[in-house]
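>>> predicted model and sequence follow; I will ask about them next.
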Amino acid sequence: MKIHNKKKFLSFLKFKRDFQKYGLEKARSYELILHWLNNRLSRNQFLVLSGIIVGCSAGLAGVILKTLVHNIHHFITTKVHFEYQILFYIIFPFLGIVLTTSIVLTIFKGQDRKGIGAILYEIAQNSSIVSSVKMYSQIVQSAVTVGLGGSAGLESPIAVTGSAIGSNFAQTYRLSYKERTLLLAAGATAGIASAFNAPIAGIMFAFEILLTGVVFTDFIPLVVAAVCGSLLSRILLQEDVLFRFYTREAFNYKNVPYYLILGIFTGLYARYFVVISQKVEHFIKGLKISRLRKAMFGGAILSLLCVLFPPLFGEGYDTVKAFTNGNTHQIIENSFFRYFEIKEITIIIFLIFVLLLKAFATSFTIFSGGNGGNFAPSLFAGGTVGYLFAIICQQIGFTDVPVTNLVLVGMAGAMSGVMYAPLTAIFLIAESSFGYDLFIPLMIVSIISYLMAKWFSPISPELKTLADQGKIFTNKHDKNLLFSLKTEDFIDRYSQAINENAPITELFELVKHGDKNIFAIIDDKKTLRGILTLDDIRPYLFTNDDASVTIVQIMKAPPAIIHPENQPLEILQTFDDTGVWNLPVVDQNNIFIGFISKSTILMSYRQLLKEYSE
């Protein structure tokens, strides 16, 4: 009993200390309660509670963003006659990108790191610490971009927002890196679950994309967060806002050839989409104009595309729903193609143009200054590929073509190839269409498309640059640990150096009173001239003919030079190639900075491996 009372008293003292530390002026009452609970609950219990809070917060953010954008779209597309819609398509997409860029420059000081790559960067390079600004900046920017017609998706901004919520929650309650990463992923999971009302897809998204290379045994907070986000979406979002498909055909094994061919088509289109995105990004980055002018340029192109082909306006989910409901003619009637006789060939030509131009519309939206992601564009394009393939098969003369099923599995196929996330795509479509009996065709199309994408590029092109630079984790766990190390931490800036013109006796004194076994030889400007080791100096230590030997005569060139920007993985490879244990570090002007030791890097690696294994 006394021990129990003593524990309660110590817990009270700890709570009192936290109360005094956070104070009423700096902490809200619920934060004080959570700090107290953090001290009283076990780690797993507090993580589950954290998953609920983060999941609800991220899910609510997703619901608000989806509702806001849907209402804007609904007004433009249903409350205005076609003649006036042209004005909307001319003005609003342009205005959306320009306004987003202006907001970034003025309110957010030009900080516009966006997309899934931004989350992965924070996990690998910033200890999963995401700026608190991202808890609302992504909502504001993507609402303006997509709400006014940007041809992109809201899911990536929602995921970034959720990850920021999870990370900042973990920072507030001083959780460790692994717990912080887990809650970051939980926030993104809840965001995706709320966007699609698909909790399993949200969990798959976390494991396939966000937690690549990060080992976790505790994923209950992810499940809890996904459930919370999905429930909020189901309760608060209107039926027409939900990503839901209610019409589909039963799976028939005789239709497998359709799915095999569709898998190839979606894989080819995914590659086309990715290549166009890369080329547009490179083109826009190469423009020697201000960011605002880039936004105006990209906005003008997007507006032109939306005027010619209205399905490119916004996310495009309504168009895909029209495919599954058999309302394709309504899509044509809202465009200039309504002035032509609407036949099957007219629909085919129209959809081919839409598919080809969707990659351009999305790329100019994102890279010219808008904010959005590739979730919705890949789903829209995949559904369009599936519908186009179905009506072409019908025109050729095939009967009993499963049109709706081809639209649904086409979405999964394109998303797998673009996002490199086949499991996310499979469960997303299965949950959104209640089509669990479609798992076989979903797996066929998604895996074919994914394997084709991997054949073209083993790593998602969107993330390849960051992966090559070691700025994000990959599925190679050992390299991930090395990438998380910082070269700056290993440089011995107190290394011993001596001027090349100094007498040899001064070098002997340095050896006598110093504690290093390697020395840098520098000139008057501290430029590295060479190095010496104890083995190089030892033959001259006990001779009496000091005057006949100079430092310049016995110094040698280093086997390799290290620069501060080199990654630990590169440095270890250099150590292996040279067979030495110490190398000098210089800046771009060859000014000596210090030495770096192979043993120091290996010791840090072992320590990090131990922490990850606990």
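Cool, got the structure. This is a predicted model, so every value here is computed, not measured. Numbering: from 1, shown residues only.
>>> strands along this structure, start to end?
491-492, 497-499, 518-522, 528-533, 582-586, 592-597 (DSSP state E).
>>> using TSV, please lay out the ones you listed together with distance to Leu507, mean pLDDT and mean neighbour count.
C-beta here means a position set from N, CA and C on the backbone, and glycine is covered the same way. TSV is the format used below for these (distance: least, CB to CB, whole Å; pLDDT from 0 to 100; neighbours: other CB atoms under 10 Å):
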stretch	distance to Leu507	mean pLDDT	mean neighbour count
strand 491-492	19	88	18
strand 497-499	6	88	17
strand 518-522	7	89	23
strand 528-533	7	90	19
strand 582-586	17	91	22
strand 592-597	16	91	21
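>>> for Ile72, find the nearest of these.
Among those, the nearest to Ile72 by CB to CB is strand 491-492 (52.6 Å).
>>> which neighbours does that closest one have in its sheet, and in what orientation?
When pairing is defined by DSSP bridges, strand 491-492 lines up against strand 592-597 (antiparallel).
>>> what sits up against the partner strand?
487, 490-495, 497, 518, 520, 522, 526-528, 562, 564, 571, 581-587 (CB atoms under 8 Å, 6 or more residues apart in numbering).
>>> from Val274, how far off is the nearest residue to Leu268 once chain neighbours are set aside?
Spatial nearest neighbour of Leu268, chain neighbours left out: Met452 (7.1 Å); criterion: CB to CB, 6 or more residues apart in numbering. Using CB to CB, to the nearest Å, Met452 is found at 11 Å from Val274.
>>> between those two, which has more neighbouring residues?
Val274 (24 against 19; other CB atoms under 10 Å).
>>> thought the more buried one was touching Pro461?
Yes. Between Val274 and Pro461 there is a contact under CB atoms under 8 Å: 5.0 Å.
>>> from memory Lys464 sits against Phe456, does it?
No. Contact criterion CB under 8 Å: Lys464 and Phe456 do not qualify, at 11.1 Å.
>>> measure stretch 468-488 end to end?
20 Å (CA to CA, to the nearest Å).
>>> tell me the bridge partners for the closest residue to Arg493 other than its chain neighbours.
Computed as CB to CB, 6+ apart, the closest residue to Arg493 that is not its neighbour in sequence is Gly594, at 4.4 Å. Gly594 forms beta bridges with Val585, as assigned by DSSP bridges.
>>> against Lys288, how distant is Gly594?
39 Å.
>>> and the gap between the closest residue to Val256 other than its chain neighbours and Ser378?
Once flanking residues are discounted, Val256 sits nearest to Ile444: 7.0 Å by CB to CB, 6+ apart. Distance, Ile444 to Ser378, by CB to CB: 18 Å.
>>> ok, those two, which is more surrounded?
A count of neighbours by other CB under 10 Å puts Ser378 above the other of Ile444 and Ser378, at 30 against 19.
>>> was I right to think that one contacts Phe273?
Yes. Counting by CB under 8 Å, Phe273 is a contact partner of Ser378 at 7.0 Å.
>>> what touches both of these two?
With CB under 8 Å, 6+ apart as the test, Ser378 and Phe273 both reach Ala414, Gly417, Val418.
>>> pLDDT weak spots in the stretch 1-150 of the chain?
Filtered on pLDDT under 70, the stretch 1-150 of the chain yields the residue ranges 1-31, 76-85, 110-112.
>>> now do the buried residues in stretch 259-273.
Using 16 or more other CB atoms under 10 Å as the test for burial, stretch 259-273 gives Tyr259, Leu262, Gly263, Phe265, Thr266, Gly267, Leu268, Tyr269, Ala270, Arg271, Phe273.
>>> could you find the closest non-adjacent residue to Thr145?
Excluding the flanking residues, the one nearest Thr145 by CB to CB, 6+ apart is Gly370, at 3.9 Å.
>>> how many neighbouring residues does the one you found have?
Neighbours of Gly370 under the rule other CB under 10 Å: 33.
>>> just the pLDDT for it.
We have a pLDDT of 90 for Gly370.
>>> geometric centre of this structure: which residue is closest?
Ile116 (1.9 Å; CA atoms, centre = their mean).
>>> neighbours around Leu534, how many?
Counted with other CB under 10 Å, Leu534 comes out at 12.
>>> thought Lys512 was touching it, still the case?
No. Assessed by CB under 8 Å, Leu534 is found out of contact with Lys512, at 11.5 Å.
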